[in-house]
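Asks: Generate coordinates for the sequence data below:
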Amino acid sequence: RLDLTGLGFDNIPARVKMKTRVECELAEGSVTMKLQAWRWLAALVLCLGPLALLGQIPAAAQGSDGWTFLTLDGQEIRIFRDAYGVPHIFALTNRALFYGYGYAIAQDRLWQLDLYRRTARGTLAEILGFYALPSDLHERLHGYTETEYQDAFARLPAETQEILTSYRDGINAYMSLALADPAHKLPWEFHQFSYLPALWQVADTLAIGRFMANRFGESGGQELQNQALLQSLISAHGTVTGTAMFNDLHWRNDPDAPVSVPTGSSTARAYDPPALFLPDIERIAAEVAAQREGAARVWAQYGIPVKLGSYAWAVGPSRSANGHALLFGGPRMGFDTPDPIHEIQLSGGQGFDAIGMSIAGIPLVLIGHNRFVAWSMTSGFGDNADIYVELLNPLNADQYWHLGDWRDMVIRTETINVRGQPARTVTFR
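Replies: Predicted structure coming up:
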């Protein structure tokens with residue numbers, strides 16, 4: 001047992017014995033896990049390398065190197081780095097705990113933090129030049145405005161707001177040290193691209209969260225390509241045969257496929273013949289696809305996750321070799337340096353006692369465990385992104401028809417700074 005007397009961590013074990021029974025049942029197509037703990041009980045998570053240290057703080061750490069001590073509002077924050085450099089953070093309050101989290105991640109991932117926020121907020125071209133412009137255009141179109149991020153933050157519970165602001169303050173605390181001594185503390189990439197990072201904002205965290213949610217959770221949006229194929233088949237073979245050929249290639253519904261959501265009324269396998277033909281559909285589809293592909297090329301070049309897919313499965317104690325439960329979470333994001341994820345342990349605050357992995361800029365344990373439960377994530381692929389054709393007002397192209405009336409589009413003009421070139425002024429509708 002690691003002696004943390006006086007810090008309120010007297011019950012934190014040096015080693016966590018993992019003896020948890022997990023029962024899985026299938027109900028309405030969704031997996032429900034019922035966990036019953038026996039001692040220090042936590043479901044075992046296996047993912048990505050060094051998580052063999054799950055839940056441990058080596059006893060040899062006491063009084064030895066590897067500790068960093070911070071003070072915030074009279075509260076002490078202790079950060080221990082194990083043999084792999086993984087930060088284990090201990091503090092009595094949420095504010096101190098997540099301040100320490102932000103500080104530690106800024107120590108390890110300051111360049112990655114800035115790269116991720118620039119990607120999510122569409123400001124990569126400012127440091128990378130014209131090559132990164134497709135990424136900025138994509139994110140300015142699909143992302144949120146500063147006002148929208150601030151409105152989203154204002155609607156969060158007070159505890160979540162405190163966590164986000166504390167994480168921000170911790171990042172900025174270390175960033176201020178790095179800016180005061182850039183030769184020794186600022187990562188190499190800032191010197192390579194000859195710029196200094198701006199202080200962190202809460203909206204940066206929200207933007208990264210939004211971006212990663214889209215990267216790993218958004219799928220579909222193939223309506224333009226499908227329309228182009230359908231029109232091509234109809235032009236070549238007529239409406240009836242062309243539509244039948246399309247339906248043979250792209251089923252609307254497969255009645256034999258197991259699904260995890262109720263089928264409802266959408267049980268038809270085939271689509272009806274189209275009511276709309278677009279003369280420039282192939283050109284439009286190619287342009288939209290080129291926008292996506294151009295942004296993805298930039299992300300792949302600079303270590304932004306572009307590969308997605310993962311595994312997550314649970315084994316009940318009756319099916320395991322030793323009679324204990326197993327939860328496997330295997331995110332697949334590709335390999336890079338720095339890695340897209342980092343490991344973290346959070347202990348203290350208002351009941352936090354978790355270890356696992358997260359993404360720079362997001363103050364969560366996305367995949368991990370505490371003493372009682374384990375959790376993982378995997379992408380549930382489905383068509384959750386759609387492209388619509390809107391009817392524009394022939395007398396005013398900034399209006400569209402909706403529910404029996406012409407509505408004004410929301411129009412915003414933004415400036416995208418491009419390194420080595422004049423800034424671009426872009427209007428989004």
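Asks: Where does the residue most central in space within the chain sit: helix, strand or coil?
Replies: By CA atoms, centre = their mean, the mean C-alpha position of the chain lies nearest to Met212, the distance being 2.8 Å. Following DSSP: H, G, I helix; E, B strand; the rest coil, the label given to Met212 is helix.
Asks: Do you have the strands of the stretch 251-400 of the chain handy? List them.
Replies: Secondary structure of the stretch 251-400 of the chain (DSSP state E, counting those that start in this stretch): strands at 310-315, 326-331, 341-348, 352-359, 367-369, 374-375, 392-393, 396-402.
Asks: quick one, which of those is packed in tightest?
Replies: Burial of these is given as mean neighbour count (mean count of other CB atoms under 10 Å); strand 367-369 ranks first at a mean of 25. From N, CA and C alone the C-beta is placed, and that goes for glycine too.
Asks: mean confidence for that one?
Replies: Averaging pLDDT along strand 367-369 yields 94.
Asks: right, and the residue nearest to the centre of the chain touches Leu364 too?
Replies: No - counting by CB atoms under 8 Å, Met212 does not reach Leu364; the two are 10.8 Å apart.
Asks: Relative to Ser166, how far out is the nearest residue to Ala104 once chain neighbours are set aside?
Replies: Spatial nearest neighbour of Ala104, chain neighbours left out: Pro87 (3.9 Å); criterion: CB to CB, 6 or more residues apart in numbering. Using CB to CB, to the nearest Å, Pro87 is found at 15 Å from Ser166.
Asks: in this structure, which segments are predicted with low confidence?
Replies: Applying pLDDT under 70 to the chain picks out residues 1-64, 259-269.
Asks: residues contacting the residue nearest to Ala104?
Replies: Neighbour list for Pro87: 79-81, 101, 104-105, 107-108, 344-345 [criterion: CB atoms under 8 Å, 6 or more residues apart in numbering].
Asks: So what's the residue count around Thr415?
Replies: Other residues within reach of Thr415 by the criterion other CB atoms under 10 Å amount to 9.
Asks: Also His237?
Replies: What His237 shows, counting by other CB under 10 Å, is a neighbour count of 14.
Asks: Double-check it against Phe246; I have them as touching.
Replies: No - here His237 lies out of contact with Phe246, judged by CB under 8 Å, at a distance of 9.8 Å.
Asks: hey, what's the nearest residue to the residue nearest to the centre of the chain once chain neighbours are set aside bridged with?
Replies: Distances taken as CB to CB, 6+ apart put Ile359 closest to Met212, at 5.9 Å, once the chain neighbours are dropped. Counting by DSSP bridges, Ile359 forms beta bridges with Ile341.
Asks: Can you give me the neighbour number for Ser376?
Replies: Other residues close to Ser376 by other CB under 10 Å number 24.
Asks: If the nearest residue to it once chain neighbours are set aside is in a bridge, with which residues?
Replies: Nearest residue to Ser376, sequence neighbours excluded (CB to CB, 6+ apart): Gly329, at 2.7 Å. Beta bridges link Gly329 to Ala312, judged by DSSP bridges.
Asks: Which helix or strand contains Leu110?
Replies: According to DSSP states H and E, Leu110 maps onto helix 94-121.
Asks: for the residue nearest to Ala104, phi and psi?
Replies: Backbone geometry at Pro87, expressed as degrees, to the nearest 10, gives phi -80, psi 130.
Asks: Let me see the ranges of the helices in the chain.
Replies: Along the chain, counting by DSSP state H, helices occupy 94-121, 125-128, 133-142, 146-154, 158-180, 182-185, 188-193, 202-217, 223-237, 239-249, 281-301.
Asks: Now do the buried residues in the fifth one.
Replies: This means helix 158-180. Neighbour-count burial for helix 158-180, counted by 16 or more other CB atoms under 10 Å, picks out 162-175, 178-179.
Asks: ditto for the fourth one
Replies: If you call a residue buried by 16+ other CB under 10 Å, then helix 146-154 has these buried ones: 149, 153.
Asks: Tell me what angle it forms with helix 158-180.
Replies: The directions of helix 146-154 and helix 158-180 differ by 130 degrees, with axes from the mean of the first three to the mean of the last three CA atoms, to 10 degrees as the criterion.
Asks: Just list the residues touching Ala125, thanks.
Replies: 131-133, 135-136, 416-419 are the contacts of Ala125 under CB under 8 Å, 6+ apart.
Asks: Just the buried ones from those, in PyMOL syntax?
Replies: Of those, the buried ones go into a single PyMOL selection, burial set by 16+ other CB under 10 Å:
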select buried, resi 131+132+133+135+136+416+418+419
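Asks: Phe372: which of the contacts of Ala125 is nearest?
Replies: Nearest to Phe372 among these: Ser135, at 41.1 Å, using CB to CB.
Asks: For Thr425, see how far away the closest one is.
Replies: Distance from Ser135 to Thr425, by CB to CB: 18 Å.
Asks: Tyr101 too?
Replies: 39 Å.
Asks: Over to Pro331?
Replies: 39 Å.
Asks: give me every residue that touches the residue nearest to Tyr149 when sequence neighbours are not counted.
Replies: Spatial nearest neighbour of Tyr149, chain neighbours left out: Ala203 (3.9 Å); criterion: CB to CB, 6+ apart. Contact analysis of Ala203 by CB under 8 Å, 6+ apart lists 146, 149-150, 153.
Asks: that older thread, which of the residues in the helix holding Leu110 are classified as buried?
Replies: Within helix 94-121, the residues scored as buried using 16+ other CB under 10 Å are 94-121.
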